[in-house]
Each structure stands twice: as structure tokens, then as C-alpha cells.
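Student: The sequence and its predicted three-dimensional model are supplied below.
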Amino acid sequence: MKKIFKALKIFLVSLVILIVIGFLFERISRFYYDSKRPDKSEFVEIDGRKIHFKKQGNGSCTVIFESGLGGDYLHWQDIQKKLSQKYTTISYDKAGILWSATAKKTNLRRYADDLKQLLEKTNCPKPYILVGHSFGGITSRLFLKENAKDMAGIVFLDVSHPKQLEKSSEALKKSVQPPPKILLSFLNEIGIIRILYSTTAFTAAVPKEHWFNRNVKHYFYRILDGMMNELENDEKLMLEASQINNFGAIPLTIITAKYPNGVEGAKDKNLEKEYLSIHNNLQKDLLHLSDKSTQVFAQKSGHYITLQEPDLICNEIEKLAPR
């Protein structure tokens, strides 16, 4: 028994030492990456909160980029750089994501107000083309409805549908749920997440050393809380979005991923088949959002069309831009 207790004591002491080392490693890393905070000229104050944005280009039409769940402005950098040669472009960090401050409320009204004020305070010219990815197809709905007269078009990239949770089996919903927030937060605080994404790519859609995977590795600590907040409110936000089911005559392009290599991370083939069936049906249903809608398929892409087929996205945006 003495040997067992001694071994247990050594194990616990070693564990505490490793946790302390991990905590210090994470603090040093954060201090370094926090030092790379963007210039104050890239922030606006909205309702007492600082919102970070990246505005590029000087065209007569503004292309707005709306990120998905936990997505930040960096997600769009390649597409934004290309389109800014012809158009005014703006990407931003939603509340609680990367450089933007958190907000007390999480509802479509706040998302719409944040974006509306951001565009006004940064003097972005109308008309607008909104490009939304994934959950960005939910968070942008109220803004699109209320600003229909100012919209030249919408491009939705493999976006979420308000009914997707309702249509999914309990097994499917359980399979895509992340670990508990308290566990993720603990692992994040002691540097485990940073180490994990240093050895494993966040997404296999692009190589591990691609800038997207590197950014996630460096800045996940600034994304986690905002991402979990959106996840915790996803049913509420989808319910609100379901009440907005018609954008009138705004030209709408639905770009749907074909998932040629299957769904990333899917281990159960039956659940993967269920997901793709629901997803494809609901992507088609999105066409009813506009009287002028069309569907385009990203033949080479999984969910991250933004990374795998950026030229396809740019071409579809150009088709909607005013001549």
C-alpha cells in the first residue's frame, strides 16, 4: 500500500507541475499574440463595445463577409484581397470573437444592429452584397430583411438552415456536439488546445501549415468563448431566423458543397448519410428565400468552400455586382 500511495503522490505532483507549466506556457503565448492586436483605426464603438473590422478597396459597391460559428475576419483574407481590387470590402469579428468585445445579448436584433452600425460608421457605400458562410446564413437574416432595398445580392456558402436541428435525429445531434464548455475552457487555459492544434490541423480541408490552421492554433483562446456562446444559443437563433423566410426579389445564390471526400470527422457512415440527406434537402429549400434564386454546387469542396474553391465564390459575387 505504501508503494501505491507513493506512486500516486508522484503522479499527482507530476500532474500539478505539468498543469502549472502548461498554464505559464499559455500565458506567455497569449501575451505574445495579444501584442499583435490590430491598430485602433480598425475598431469602431457600437453600444459601448469595440468591434473589430477589416475594410479594403474603394469601389462603389460593398461586399460584406459574414462568418460562420466562431469564425473571424481572417477567414476571408484571400477572397477579400482579390475582390478589393474592384469593390469596397469589409470583414469583421462578431461580438466575443477574436478582437471584438463580448455582448450581453445574443439575438438576431443585436447581430443586425451591429452590422448596420458598422457599415455606417465605416462609410461603406451602398448597394451591398452579403456573403455568408455556415452559421452566417442564420445571423445575417434580420439584417437582410431590414435592408433589402440596399442589397444588390446575397451569396450563401453551405449555410445553416433554421430547421436543421429539428430535422436531425438525436444520434446525429449528439455526434456533432463539442465537449462540455468547462472541459474545453480548462484545456484552453493550460495550453492543451494550443499544443493539440500545433500537431493536428483544425480542418483537413487545407494542409496543416495553411494560414487558416495556423490562425486557429494561435488565436483559439480568443475564439472559444464567443463560439460557445453561439452554440449555446443556436436553437434560439435558428427559431428567430425561421420567422424570416423571404428576402423578396434580392438576387440570391446558394453555393452548396458536394462533399466529394465525405463529411470531415464523420465516423458513423449512417449518420453521415443522414446528415448529407438533410443538408442537401435544406440547401434546396433555401432557394425559396428569394424570387430570384439559383443554386451552384462546389464540386471540389467540403464545408470550407471559402478555403477550397475561393475563385468560385468570387465569380458568383461578380455576377451579382452592379454594372
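Tutor: Perfect, thanks for sending it. Numbering: from 1, shown residues only.
Student: Relative to Asp113, how far out is Glu272?
Tutor: With distances defined as CB to CB, to the nearest Å, the gap from Glu272 to Asp113 amounts to 38 Å. The way it works is simple: take the backbone N, C-alpha and C, and place the C-beta from them, glycine included.
Student: oh, I was asking about Thr200
Tutor: Here the criterion is CB to CB. By it, Thr200 lies 38 Å from Asp113.
Student: who touches stretch 139-151?
Tutor: Contacts made with stretch 139-151 from outside it, assessed by CB atoms under 8 Å, 6 or more residues apart in numbering, are listed as 66, 94, 108-109, 111-112, 115-116, 126-130, 132, 154, 230, 237, 240-241, 244, 247-248, 250.
Student: What of stretch 170-177?
Tutor: Residues outside stretch 170-177 that contact it (CB under 8 Å, 6+ apart): Leu165, Ala266, Lys267, Asp268, Leu271, Glu274, Tyr275, Ile278.
Student: Now with 6 Å, please.
Tutor: Leu271, Glu274 (CB atoms under 6 Å, 6 or more residues apart in numbering).
Student: just how off-centre is that stretch within its chain?
Tutor: Taking the mean of its C-alpha atoms, stretch 170-177 sits 20 Å from the chain's own mean (CA atoms, centre = their mean, to the nearest Å).
Student: Flag every buried residue along that stretch.
Tutor: In terms of neighbour count (16 or more other CB atoms under 10 Å), stretch 170-177 has its buried residues at Leu172, Ser175.
Student: can you give me the mean pLDDT across that stretch?
Tutor: Across stretch 170-177, the average pLDDT comes to 91.
Student: can you give me the strands for this structure?
Tutor: In order along the chain, the chain carries the following strands (DSSP state E): 43-46, 49-56, 62-66, 88-92, 128-133, 151-157, 252-257, 293-298.
Student: Could you point out which of those sits nearest Leu286?
Tutor: Among those, the nearest to Leu286 by CB to CB is strand 252-257 (5.1 Å).
Student: thinking again about what came up before, of Thr200 and Asp113, who's got more company?
Tutor: Asp113 (18 against 11; other CB atoms under 10 Å).
Student: before we move on, the earlier item: could you point out which of the strands of the chain sits nearest Lys36?
Tutor: Evaluated over these, closeness to Lys36 peaks at strand 49-56, with 12.4 Å, by CB to CB.
Student: Using neighbour counts, pick out the buried residues of that closest one.
Tutor: By neighbour count, with 16+ other CB under 10 Å as the criterion, the buried positions of strand 49-56 are Arg49, Ile51, His52, Phe53, Lys54, Lys55, Gln56.
Student: now stretch 313-323
Tutor: Going through stretch 313-323 with 16+ other CB under 10 Å, the ones that come out buried are Ile313, Cys314, Glu316, Ile317, Leu320, Ala321.
Student: Now go through the residues you listed and say which are in helices.
Tutor: With helices defined by DSSP state H, the entries of those inside them are Ile313, Cys314, Glu316, Ile317, Leu320.
Student: Please name the residues that touch the closest residue to the third one other than its chain neighbours.
Tutor: Counting by CB to CB, 6 or more residues apart in numbering, Glu316 lies nearest to Thr253, which is 5.0 Å off, once chain neighbours are set aside. Residues touching Thr253, when contacts are defined by CB under 6 Å, 6+ apart, comprise Val155, Thr294, Glu316.
Student: returning to what we had before: ChimeraX command to pick out the buried ones of the contacts of stretch 139-151?
Tutor: With 16+ other CB under 10 Å as the burial test, the buried ones among these are selected in ChimeraX as follows:
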select :66,94,108,111,112,115,116,127,128,129,130,132,154,230,237,240,241,244,247,250
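Student: State which helix of this protein is the longest.
Tutor: Counting residues, the longest helix found in the chain (DSSP H) is helix 2-34.
Student: closest to Leu224 out of the strands of the chain?
Tutor: With distances scored as CB to CB, the stretch of the strands of the chain nearest to Leu224 is strand 49-56 (16.7 Å).
Student: What strands line up against the closest one, and which way round?
Tutor: Strands adjacent to strand 49-56 in the sheet, as given by DSSP bridges, are strand 43-46 (antiparallel), strand 88-92 (antiparallel).
Student: Can you mark which positions in the shortest one are buried?
Tutor: Think strand 43-46. Phe43, Val44, Ile46.
Student: outside of it, which residues touch it?
Tutor: By CB under 6 Å, 6+ apart, the list of residues contacting strand 43-46 from outside reads Lys50, Ile51, His52, Asp114, Gln117, Lys121.
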